[in-house]
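Peer 1: Sequence and computational prediction follow.
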Amino acid sequence: MAYAASGLNRLAGASNGNLWFYSTADAIATVNTEGYFNDAANMLNVRDVIIVADTNTPTTSFVSVLSNTGSVVDVSDGTAIAETDSD
């Protein structure tokens, strides 16, 4: 699939960084590919954090914006959030 602007929502932020939530059916391996967030280049800043919720798997990961040239955005590989329920 591809980036969908409707899935990206800003949760909080300041001049030095923002926290975003992104809901998608794409796997984290797709989302963390360089260029995936290019259509959001005008909104995302280096060091912004995006919580990525894969609605298909389901899994949740944190990624950070590593670079943004103004047209090409690259994010980190992602750190998975452990989602265990042992009760």
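Peer 2: Ah, there it is. Numbers count the residues shown, from 1 in each chain.

Peer 1: element containing the residue most central in space within the chain?
Peer 2: Taking CA atoms, centre = their mean as the criterion, Ile50 is the residue nearest the geometric centre of the chain, at 3.9 Å. Taking DSSP states H and E as the criterion, the element that holds Ile50 is strand 49-54.

Peer 1: Partner strands of that strand and their direction?
Peer 2: strand 17-24 (parallel), strand 59-68 (antiparallel) (DSSP bridges).

Peer 1: Make a markdown table from those strands and add mean pLDDT and mean neighbour count to it.
Peer 2: Heads up, the C-betas are built off the backbone N, CA and C, glycines and all. Listed next are those as a markdown table, based on pLDDT from 0 to 100; neighbours: other CB atoms under 10 Å:
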| stretch | mean pLDDT | mean neighbour count |
| --- | --- | --- |
| strand 17-24 | 97 | 18 |
| strand 59-68 | 97 | 17 |
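
Peer 1: and those strands as CSV, adding distance to Val75?
Peer 2: Converted to CSV, the strands paired with strand 49-54 look like this (distance: least, CB to CB, whole Å):
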stretch, distance to Val75
strand 17-24, 10
strand 59-68, 4
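
Peer 1: Any idea which of those strands gets closest to Asn9?
Peer 2: Proximity to Asn9 (CB to CB) singles out strand 17-24 among the strands paired with strand 49-54, at 5.0 Å.
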